[in-house]
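> Using only what follows, build the 3D model:
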Amino acid sequence: MWLGSNAGSSAVFLADCGGSRLYGEGRKPLEFAGRYRRPKAVVYSPYPETHACAYVRIAAPMRAAGWNVIWARRQEGSGHRFDLEIARTADLILIQRQLPGLSTEKMLRTLLRLRIPVVYDLDDMLLDIPKAHPSYIQLSKRAPYIKWALREVDLVTVSTLQLKRALETYTSRPVRVQANLVDWMLFNAAPRPRDRIFRFLISGTSTHRDDWAILEEPLAQIFAKYPTRAKALFIGQVPKGLVDHPAVDCMAFDDDYRRYASCLRTLDVNAALVPLEDNEFNRCKSNIKWLEYSAAGVPGAYSDVTPYRSSVGHRETGLLVTNTAASWFHTMEVLISDPGAASLMVENSRRRVFEAYSVQNAAGAYGVTYNELIGREHRRHMLSGVSTFGSRLLARAQQAVTGARRVPKGLRGD
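Numbering: from 1, shown residues only. The predicted model follows:
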């Protein structure tokens, strides 16, 4: 059954799907003391479990696939620490994104000696960061440790085929695509009714500031043509050229994923704009915004680049736009002037996302991939750490010179 609006309650949805659908076809219970138990994954992530990357990539799909997921990150005052002891009870250890670094190297060595299979999950190409990226310097310092981790773990999981191909040049370990899924229960909302004002939504963190610059000129033109009708809401940051524009509103980006989903479901917006520069880093990104906006009932226009070209059917499940001011202006005019086309696209995209990209329907693939590692021992690389030793030693020396390393009371993420 496909739920086309908010009308269906959670109870109705779960009753229709059934327990086996909720936990995924890849579920593999373990026999323990004569009883079955769920396999346990212990996660070492730089983010709390409430963060989007943590929830989307690990927490939601793995739990839906029947895994007991334990976060090893423990809040401690204004900082955090990682619980190492809990890893000894795991069937699988997962590390995520930029966790590998100078301050976590000792912790990772300990985890790799436990003879428990280790998976490294990434959803960005962290070894090819554009210099304009706000985290370029920080991530560049982590590159030697990320390369080391890629060579040491048993499996690398990624969000896209493009990212898989990029990372395979750095490791001989298997790299598998686990496509991003959207939790339908979090985002499900009906398309908004139209009124006199048409509101565009542009949302994201500060890492998208160069992408958003693409919209400055065409948005200004739309505001000039529709001075009493067109508005824009930015969640995160407003491009410099539109700061203080009377047609532009802004609200802070919320790192708590559940709160973000709740906000998106209720926002009074009519269409989303998702510009993305065409570069190697962005080509490795996923279609996550299309998934979230579709589930939340918001039709969207997306840059005609790899992450969206492969999933968005132009004029069927969204609009694909070349990155020129004229193309974006024309696309915004279509969204404003043709409500029938927008309604059809969002109806199609909601059906497509629910059937193929929702946690409730597609999490079984996560279970299949991770269940294959249950009961195996971690395979240590014969020349563990040799290929990256020089670069990691240099990173230590640079940190010692700057005096930047401070790791009080155990191992902390940075």
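
> Report how many residues lie close to Gly101.
Gly101: 23 surrounding residues under other C-beta atoms under 10 Å. Glycine gets a C-beta too; all of them are placed from N, C-alpha and C.

> Let me see the contact set for Arg258.
50, 55, 186 (C-beta atoms under 8 Å, 6 or more residues apart in numbering).

> Now with 7 Å, please.
50, 186 (C-beta atoms under 7 Å, 6 or more residues apart in numbering).

> per-residue confidence at Tyr23?
You'll see Tyr23 listed with a pLDDT of 35.

> repeat for Gly385
The model's pLDDT for Gly385 equals 57.

> go on, Leu411?
34.

> distance of the closest residue to Thr160 other than its chain neighbours from Tyr357?
In space, and not counting its chain neighbours, Thr160 is closest to Ser286: 5.3 Å by C-beta to C-beta, 6 or more residues apart in numbering. Relative to Tyr357, Ser286 is positioned 10 Å away (C-beta to C-beta, to the nearest Å).

> Equivalent analysis for Leu111, please.
According to C-beta to C-beta, Leu111 and Tyr357 sit 31 Å apart.

> and what of Leu84?
35 Å.

> if we can go back for a sec, what is the burial count for the residue nearest to Thr160?
24.

> picking up where we left off before, okay, Leu84 and Tyr357: which has more neighbours?
More crowded of Leu84 and Tyr357, by other C-beta under 10 Å: Tyr357, with 22 against 17.

> For stretch 234-251, what does the pLDDT average out to?
On average, stretch 234-251 scores 91.

> From start to finish, how long is it in a straight line?
End-to-end distance of stretch 234-251 (C-alpha to C-alpha, to the nearest Å): 6 Å.

> Wait, Thr331 touches Ala301, no?
Yes - Thr331 is within contact range of Ala301, at 4.7 Å (criterion: C-beta atoms under 7 Å).

> out of these two, which sits in the more crowded spot?
Ala301 (25 against 20).

> which residues pair with that one across the strands?
Leu273, Leu319 (DSSP bridges).

> Against Glu333, how distant is it?
Applying C-beta to C-beta to Ala301 and Glu333 gives a distance of 11 Å.

> Which positions within stretch 250-260 qualify as buried?
Neighbour-count burial for stretch 250-260 flags 253-254, 257, 260 (criterion: 16 or more other C-beta atoms under 10 Å).

> For those, give me TSV that also has distance to Ile95 and secondary structure.
Below are the buried residues of stretch 250-260 laid out as TSV (distance: C-beta to C-beta, whole Å; DSSP: H, G, I helix; E, B strand; the rest coil):
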residue	distance to Ile95	secondary structure
Phe253	25	coil
Asp254	25	coil
Tyr257	20	helix
Tyr260	24	helix
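
> Of those, which pair is most distant in space?
Phe253 and Tyr257 (11.3 Å; C-beta to C-beta).

> buried set for the helix ranked longest in the chain?
In the chain, taking DSSP state H as the definition, the longest helix is helix 339-357. By neighbour count on 16+ other C-beta under 10 Å, the buried set for helix 339-357 is 342, 345-350, 352-354, 357.

> what are the ranges of the helices in the stretch 301-414 of the chain?
306-309, 325-337, 339-357, 359-362, 364-371, 386-402 (DSSP state H, counting those that start in this stretch).

> Around Ile222, how many other residues sit close by?
So Ile222, with other C-beta under 10 Å, has 25 neighbours.

> Confirm it sits in a helix?
Yes - Ile222: assigned to a helix according to DSSP: H, G, I helix; E, B strand; the rest coil.

> what separates it from Asn323, distance-wise?
The value you get for Ile222 to Asn323, if C-beta to C-beta is used, is 16 Å.

> contacts for stretch 250-257?
50-52, 55, 205, 234-236, 238, 260, 263.

> May I see the buried residues of stretch 138-155?
So stretch 138-155, judged by 16+ other C-beta under 10 Å, has buried residues 139, 141-155.

> Report the mean confidence score over it.
95.

> count of neighbours near Glu76?
Neighbour count for Glu76, taken as other C-beta under 10 Å: 12.

> tell me the contacts of it?
Glu76 touches nothing, counting by C-beta under 7 Å, 6+ apart.

> beta partners for it?
Here Glu76, judged by DSSP bridges, has bridge partners Gly79.

> By mean pLDDT, flag the weakest helix or strand of the chain.
Least confident helix or strand of the chain, by mean pLDDT, DSSP states H and E, is helix 10-23 with a mean of 31.

> Need the pLDDT of His80.
At His80, pLDDT is 86.

> hang on, the earlier thing: show only the entries of the buried residues of stretch 138-155 found in helices.
Using DSSP H, those in helices are 139, 141-152.

> quick one: low-confidence ranges for the stretch 251-400 of the chain?
Low-confidence segments of the stretch 251-400 of the chain, defined by pLDDT under 70, are located at 381-400.
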